[in-house]
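Participant: next comes the sequence, and after it the predicted model I'd like to discuss.
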Amino acid sequence: QIIILVLTVHCRLNLFTTMPFCLSNINMLNALFKSYTLIVFVAITHARISNRLFTCNNGNKIYDYFACDEIPDCEDGSDEDVNNCNMHLCDGEFSCDSGKCIPDLWVCDGINHCSKGEDEHQNMCNTRVCDDSTLFRCSSGKCIPKNWICNTILDCPNGNDENEFLCNNRTCSVDEFKCKSGQCISENIVCDVRNDCFDGSDENKAMCDARQCFNEEFRCDSGKCIEKNKVCDGYINDCVGGEDESEKICQEKVCENNEFTCKSGVCLKFYWVCDGRKDCSDGADENAEMCKNHTCSDDQYRCSSGRCIEFYWVCDGRSHCINNADEDLDMCRTHNCSEDQFRCSSGKCLAFYWVCDGNNDCPNKEDEDVHMCKVHECDPDQFRCDSGKCLNQDWVCDGIADCPDKKDEDVEMCQKHV
């Protein structure tokens, strides 16, 4: 399928030549301009570049995708250093022999993304296994998400993801809607006045007019079904016409104990109250007198504005209070983190799965200390990566590699996994 794209492409200059390199999903977009706008005819492609960072020896950071790609991007050239590249870990991606990391979607797609072409090695592609629960295996060996099947876009090199027999006989899961083309989409986006099926069958007027919702759901005027807890929650985009936030409906709703009730009946999350932004139409959630006396529960932290935030948001490296009080340096030095968090020497609290994950999250990098990670223990209900990283058990064999070495998605282990 051919489309016209108008692209503004930003290129990076190689530090040792005048030749720039343009990072794009479209391989032919290389030119001698730092930034330019261009009209091109291209086949629709899908790819996601990791936003992980690589730390140069001098402390500077570059996007991890640029490391070990045979083009120096660090001023000291350390991103192409042989020793660094030999130890370079690809978290959830394919590792080229050079150490370069590429998205799994680029493996066995008919294009050499590794300098030696090992991502297209015939024996590897012929025997490659895709996770049947979330992925579809192209005959080339490329693995694509199942929701790309029968969407009228050729994602497999030979197009077998759009095979007519496959699409006509395809079965969607109970929480999915089958388009006329055979494409499966989420039931949550049916009758939302936007074509999510490429053939538009999810917005058929007769079907949407007659559509019924379950008892625990609310029916929008368009025929879209939303969860009842989304009614009068302050978000106006659940129903296209906004009827889930209408005054008539909201005045009949009773808010939960940990929610704030606006005069209109809208229920607000507790952390929206006294946060400096008016969420109730009359601004009642930011009333100065009310905020002055506003109390928080024992497991919450109270900002000076009166806002209540989750205790584990304190000293997490991001400001949640208007005056940054939850990230005050003196307070964080003596702050105790919750039981399921790791405490940096700075006082910053990290989620347990950020520890020994290959990324420095503590200012002093102690969450990635080599000796600590070797002996780092996980809770009995967690999975331990070889790096020392701890994962929730439901992240194991879910089709997404969370361990730096992909141990949590090991094929043999997952075949035995219950």
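Facilitator: Looks like it came in fine. Numbering: from 1, shown residues only.

Participant: look at the residue of the chain positioned farthest from its centre and give its secondary structure.
Facilitator: What lies farthest from the middle of the chain is Glu289; by Cα atoms, centre = their mean that is 39.6 Å. Classification of Glu289 by DSSP: H, G, I helix; E, B strand; the rest coil places it in helix.

Participant: what do you get for Asn83?
Facilitator: Per three-state DSSP, the secondary structure class of Asn83 is helix.

Participant: and for it, the neighbour number?
Facilitator: 9 (other Cβ atoms under 10 Å). Every residue, glycine included, has its C-beta placed from N, CA and C.

Participant: kindly report the same for Gly223.
Facilitator: Gly223 has 20 neighbours, counted by other Cβ under 10 Å.

Participant: wait, a strand at it?
Facilitator: No: counting by three-state DSSP, Gly223 is not found in a strand; it is coil.

Participant: shouldn't it be in contact with Ala206?
Facilitator: No: contact between Gly223 and Ala206 fails when scored by Cβ atoms under 8 Å: they sit 10.2 Å apart.

Participant: how close does the residue farthest from the centre of the chain sit to Ser338?
Facilitator: 32 Å (Cβ to Cβ, to the nearest Å).

Participant: Asn169 too?
Facilitator: In terms of Cβ to Cβ, Asn169 sits 50 Å off from Ser338.

Participant: higher neighbour count, the two?
Facilitator: Between Asn169 and Ser338, counted using other Cβ under 10 Å, Ser338 has the larger neighbour count: 12 against 9.

Participant: start and end of stretch 228-241, how far apart?
Facilitator: 16 Å (Cα to Cα, to the nearest Å).

Participant: identify each buried residue in that stretch, please.
Facilitator: Going by neighbour count (16 or more other Cβ atoms under 10 Å), the buried part of stretch 228-241 is 230-234, 238-240.

Participant: swap in stretch 408-418?
Facilitator: For stretch 408-418, a neighbour-count test (16+ other Cβ under 10 Å) marks 408-410, 414 as buried.

Participant: now that stretch, how far from the centre of its chain.
Facilitator: What separates the centre of stretch 408-418 from the centre of its chain is 23 Å, taken as Cα atoms, centre = their mean, to the nearest Å.

Participant: mean confidence for it?
Facilitator: Averaging pLDDT along stretch 408-418 gives 79.

Participant: give me the number of residues near the closest residue in space to Cys390 that isn't next to it in sequence?
Facilitator: Distances taken as Cβ to Cβ, 6 or more residues apart in numbering place Cys378 nearest to Cys390, at 3.8 Å, with adjacent residues excluded. By the criterion of other Cβ under 10 Å, Cys378 has 17 neighbours.

Participant: again with the one 10 residues further on
Facilitator: Applying the criterion other Cβ under 10 Å, we find 22 residues in the vicinity of Gly388.

Participant: how much space between it and Asp357?
Facilitator: Note on Gly388: its distance to Asp357, by Cβ to Cβ, is 9 Å.

Participant: list the contacts for Leu350?
Facilitator: 316, 341-344, 361-362, 367 (Cβ atoms under 8 Å, 6 or more residues apart in numbering).

Participant: return the member of the residues you listed nearest to Asn151.
Facilitator: Among the contacts of Leu350, Asp361 lies closest to Asn151 (Cβ to Cβ), at 37.1 Å.

Participant: per-residue confidence at the residue nearest to the closest one when sequence neighbours are not counted?
Facilitator: Leaving aside its chain neighbours, Asp361 sits nearest to Trp354 (4.8 Å; criterion: Cβ to Cβ, 6+ apart). Looking at Trp354, its pLDDT reads 84.

Participant: you'd agree Trp354 is up against Asp367?
Facilitator: Yes: Trp354 lies in contact with Asp367 (Cβ under 8 Å); the separation is 6.4 Å.

Participant: anything in contact with each of these two?
Facilitator: With Cβ under 8 Å, 6+ apart as the test, Trp354 and Asp367 both reach 342, 361.

Participant: looking at those two, which one has more neighbours?
Facilitator: More crowded of Trp354 and Asp367, by other Cβ under 10 Å: Asp367, with 23 against 18.

Participant: settle this for me: the more buried one is touching Phe352, isn't it.
Facilitator: No: with contact defined as Cβ under 8 Å, Asp367 does not count as touching Phe352 (10.1 Å).
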